[in-house]
Every structure is written in C-alpha cells, then in structure tokens.
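*Asks:* Sequence and predicted model, in that order:
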Amino acid sequence: MEKRELFKELVDGIDDINAFHESKITLRRYHDMPEPPIAIEPELIVKIRGKMSQGVFS
C-alpha cells in the first residue's frame, strides 16, 4: 500500500477552493436537505432527566 501525502492533498484542496472562489474552476456541489427535527414528548424528557444527574442537563 502506497503512503499518502496528506499535506499535499490538503494544500491541493485549498488551492482548488481558492480557484473556485476566483471563478477559475467549477467544483461539484451537493445539496442535502436537512432532516426534520424529531418530535419528543415532554413526558419522555422528564422521565430521562429523572434518571440522570443534574450536571448532565446544566
């Protein structure tokens, strides 16, 4: 297995970002829709909070 040159990969990535901001190149974009927040019943929170210490919730 060949050893990767991580620093060179990071520098290349930063160079690509800078070129993108200067409109010299086009990079792929991904648009993810955020997950909707889950509904939690207040009773569940009270139940869980009763089992844990106060320091966890402060």
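*Replies:* Great, that's in hand. Residues are numbered from 1 along each chain as shown.
*Asks:* Helices along the chain, start to end?
*Replies:* Under the criterion DSSP state H, helices of the chain are mapped to 6-21, 42-51, 54-57.
*Asks:* Against which helices or strands is the second one packed?
*Replies:* Spelled out, that is helix 42-51. Counting contacts by 3 or more CB pairs under 8 Å, 6 or more residues apart in numbering; DSSP states H and E, helix 42-51 packs against no other helix or strand. Where you see a C-beta, it was placed from the backbone N, CA and C, and this is true even at glycine.
*Asks:* Mind doing that once more with 10 Å?
*Replies:* Judged by 3 or more CB pairs under 10 Å, 6 or more residues apart in numbering; DSSP states H and E, helix 42-51 is in contact with helix 54-57.
*Asks:* what's the distance between the residue of the chain most remote from its centre and L44?
*Replies:* Using CA atoms, centre = their mean, the residue of the chain lying farthest from its centre is G50. It sits 30.9 Å away. Note on G50: its distance to L44, by CB to CB, to the nearest Å, is 11 Å.
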